[in-house]
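In: The following block contains a protein sequence and its predicted model.
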Amino acid sequence: MSAETDRVLESGRIAESEGNVREAVVRYEAAVKLSGDDARPRLRLGTLCHRIRNYTRARETLEEASRIDPNDAEVAFRLGLTCDALGDRESARTAYTRTMMLAPSSWQTWYLIGRDHRQLGHAEVARLAYRRGLDQAPEEPEILAEMGTLLWEMGLRDKAYPFLEQAAQRCPVDPGLALQLGIADLERGDLTAARRRLTGAKHLDPSDRRIDLALQELAIRRRDPRHHHRAGGPCSRREGNVGGRW
């Protein structure tokens, strides 16, 4: 990959980290055009498209990256998440299996192991798997969010909250992570923080009905702080679990 492609790709990463979705997409698209047959810019663009819930484009982009480099475990993992989000469970399983074969000790594999045990109700085993993944990739928002929601489900809210907060901070373009943290703030009684998170989530995805419901709950709480109706807490799982978004 050329120095120019690297520079454009890095500018896209910076824009994404600052929550500038439009600029990040433009930069990643430019990097794809400059890169020729290099999977990495397509991986970044596909991952961003998944995070902003443009799943169809994410799949197209990640499938192209996979054709270029079928031995890239990160590409396989991201493609699996996107297929899951689209409801294509068979393709998701195929991609996840390839991920685990290509990188059996990677954070992605530990993430998938943790998710599978979580679905089976093996919370402590899932927690250990997520911890192994976080040891390798302590800044990955997906596994931070998984650990946070698992701990919340286990009733360990004080331990859960920092993971939810870090996930949202690491990935400010993801409306689901902002929603998740906003609901956590709402349940903790921090209505000022909840308003900030939820309005941010609404800006990122105006069509998400769950964000509207959380904002309605926030309005009720602000009128009457004694009201404790649940808005659907952060232990609520992603659509299609890992593959979808919050």
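Out: Arrived safely, thanks for sending.

In: rest of the way, CA atoms for contacts and neighbours
Out: Will do.

In: Please parse this protein into its domains.
Out: 3-104, 113-243 (automatic domain parsing).

In: Same list (those) but as a markdown table, adding mean neighbour count.
Out: Putting the domains of the chain into a markdown table (neighbours: other Cα atoms under 10 Å) gives the following:
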| stretch | mean neighbour count |
| --- | --- |
| domain 3-104 | 20 |
| domain 113-243 | 19 |
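
In: Any chance of those in CSV with mean pLDDT as columns?
Out: Listed next are these as CSV, based on pLDDT from 0 to 100:
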stretch, mean pLDDT
domain 3-104, 97
domain 113-243, 90
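
In: Spatially, what comes nearest to the most centrally placed residue in the chain if we skip its sequence neighbours?
Out: Centroid-nearest residue in the chain, with Cα atoms, centre = their mean: Glu142, separated by 4.4 Å. With Cα to Cα, 6 or more residues apart in numbering as the criterion, Glu142 has its nearest non-adjacent residue at 7.0 Å, and that residue is Ala167.

In: Report the contact partners of the one you found.
Out: Contacts for Ala167 (Cα atoms under 8 Å, 6 or more residues apart in numbering) come out as 139-142, 144-145, 177.

In: Just name the closest of those to Gln119, please.
Out: Ala145 (15.4 Å; Cα to Cα).

In: Return the residues in contact with that closest one.
Out: Ala145 touches 163-164, 167, 177, counting by Cα under 8 Å, 6+ apart.

In: Just the ones of those in helices?
Out: Using DSSP state H, 163-164, 167, 177 are the members of those that sit in helices.

In: Distance to Pro104 added to those, as CSV?
Out: Listed next are the ones in helices among the contacts of Ala145 as CSV, based on distance: Cα to Cα, whole Å:
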residue, distance to Pro104
Phe163, 24
Leu164, 26
Ala167, 24
Leu177, 27
